[in-house]
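Visitor: Here is the input, now give the coordinates:
(2 chains)
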Amino acid sequence: MNNKSAHACRWLVSIGLLIALSGCETAVDPARMVFTTQPTDRAFPEHLQRAVCVRSVTGGEKTSLSAPAKVADEEFRTALMSSLDSAGLSATPATCHDLIDANLLGLSQPSWGSTITVTSHVNYKVYDAAGQPVLMETISAPFTPPCCRPGVVLIRMGNEGSIRSSIAQFLEKLRDVKLQ
Amino acid sequence: MTLLKFPGALPAIVGSFCLASCAARPVTPVAMSQPGDDQLSCPALMEQIKANQSAATEFLRSKEGVDQANTAKAVTGVVLFGPIGLLVMNSADYSSEEQVKARSLEDRNERLTFLTKNKGCAEP
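Guide: This is a model prediction of the structure:
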């Protein structure tokens, strides 16, 4: 290898490392953000069962090259709907009684590193059929993935774990919703 | 062994793990629903809505500055490369503090506006 190509190769390796370690370009997997309700978990109020629909999910951002990985609206919506399905709360559009609007306020992420904590901040708004608010909850959910993986993987795992934890906390709040 | 041939690569890896335990700045959004909301009078509600609007606008303005600084740091980090480049990139702020606070204030105002309607307050 001559000097020029060695120099070019060095540049490429370093730039590749910088991008990889900064956690860029790694989209989350909605399946890993799903919170699965266990049969042994506390039951949900009867009036919510098979009666809930996700009306809107906002605030998400697609992952881009210039910043750490993000969570897009569609990815969050898919995870939220699957979690509601797992909890037995999802209704068909024709049978929706309660509507959920979720606003992803943002993800607090470190620049990059081998031990990181990602915190998602989400506003969950649940309205009944008459448009009256049933639950208005602001949830901040931190998640620290297990250490010693490349930054690119940690940021993705942090995002996924944080959203999963946020959905879990939201479902917990739904368990305490009383019929108005 | 191949890494030893690339002086820029090894410090980059070592540097990244040395700086590894950096955590994001703690961010606390403004809660949409707060204790005592139902007891607020119309003037108090209006006052809060107005103050929240101003604060949200200010946070959005700050966010633009943070975004620009982050982009500049990312580009500079890549150009400088090696440990110094990583240090520059690591100084970027991805806490989303301004965005989280601005959006949470907007949602808070949605809640307060709903209360003003329920109480029959006059339009601001």
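
Visitor: the strands in chain A, which residues?
Guide: Here chain A has its strands, by DSSP state E, at A:52-58, A:98-108, A:118-127, A:133-143.

Visitor: pLDDT on the first one, on average?
Guide: Spelled out, that is strand A:52-58. Here strand A:52-58 scores 98 as its mean pLDDT.

Visitor: what packs against it?
Guide: In terms of contacts (3 or more Cβ pairs under 8 Å, 6 or more residues apart in numbering or on different chains; DSSP states H and E), strand A:52-58 is packed against helix A:73-86, strand A:98-108. For the C-beta atoms, the positions are set from N, CA and C on the backbone; glycine is no exception.

Visitor: which stretches of chain B form helices?
Guide: B:9-18, B:42-80, B:82-90, B:97-119 (DSSP state H).

Visitor: Name the residues of the third one that come out as buried.
Guide: Residues of helix B:82-90 classed as buried: B:Gly82, B:Pro83, B:Gly85, B:Leu86, B:Val88, B:Met89, B:Asn90 (neighbour count, 16 or more other Cβ atoms under 10 Å in any protein chain shown).

Visitor: Which residue comes closest to the residue most central in space within chain A once chain neighbours are left out?
Guide: Central residue of chain A (Cα atoms, centre = their mean): A:Ile163, 2.9 Å from the mean position. Excluding the flanking residues, the one nearest A:Ile163 by Cβ to Cβ, 6 or more residues apart in numbering or on different chains is A:Met33, at 4.3 Å.

Visitor: that older thread, near chain A too, which of the buried residues of helix B:82-90?
Guide: Subset of the buried residues of helix B:82-90 in contact with chain A: B:Gly82, B:Gly85, B:Leu86, B:Met89, B:Asn90, counting by Cβ under 8 Å from any Cβ of the partner chain.

Visitor: would you turn the residues you listed into JSON lines with pLDDT and distance to A:Leu174?
Guide: Below are these laid out as JSON lines (pLDDT from 0 to 100; distance: Cβ to Cβ, whole Å):
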{"residue": "B:Gly82", "pLDDT": "80", "distance to A:Leu174": "50"}
{"residue": "B:Gly85", "pLDDT": "83", "distance to A:Leu174": "46"}
{"residue": "B:Leu86", "pLDDT": "79", "distance to A:Leu174": "43"}
{"residue": "B:Met89", "pLDDT": "79", "distance to A:Leu174": "40"}
{"residue": "B:Asn90", "pLDDT": "77", "distance to A:Leu174": "39"}
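
Visitor: between those, which is closest to chain A?
Guide: Within these, the smallest distance to chain A is 4.5 Å, found for B:Asn90 (Cβ to the nearest Cβ).

Visitor: which helices and strands does the longest helix that chain A contains pack with?
Guide: The single longest helix within chain A, with elements called by DSSP H, is helix A:151-175. For helix A:151-175, the contact count by 3+ Cβ pairs under 8 Å, 6+ apart identifies helix A:3-21, helix A:73-86, strand A:118-127, strand A:133-143 as packing neighbours.

Visitor: where's the last one relative to the chain centroid, distance-wise?
Guide: Per Cα atoms, centre = their mean, to the nearest Å, the displacement of strand A:133-143 from the mean C-alpha position of its chain is 13 Å.

Visitor: how many neighbours does B:Val66 have?
Guide: One way to gauge burial is a neighbour count; for B:Val66, by other Cβ atoms under 10 Å in any protein chain shown, it gives 17.

Visitor: Other residues contacting stretch A:89-102?
Guide: A:44, A:47-58, A:76-77, A:80-81, A:84, A:122-129, A:134, A:174 (Cβ atoms under 8 Å, 6 or more residues apart in numbering or on different chains).

Visitor: List buried residues within those.
Guide: For the contacts of stretch A:89-102, a burial check counting by 16+ other Cβ under 10 Å picks out A:44, A:48, A:51-54, A:57, A:76-77, A:80-81, A:84, A:122-128, A:134, A:174.

Visitor: Can you report how many residues lie near B:Ala51?
Guide: Here the neighbour count serves as a burial measure; for B:Ala51 (other Cβ under 10 Å) it reads 12.

Visitor: And A:Pro146, by the same measure?
Guide: Here the number of neighbours of A:Pro146 (other Cβ under 10 Å) works out to 9.

Visitor: Tell me how far the nearest residue to it once chain neighbours are set aside lies from B:Met89.
Guide: Distances taken as Cβ to Cβ, 6+ apart put A:Met157 closest to A:Pro146, at 8.0 Å, once the chain neighbours are dropped. A:Met157 sits 20 Å away from B:Met89, taking Cβ to Cβ, to the nearest Å as the criterion.
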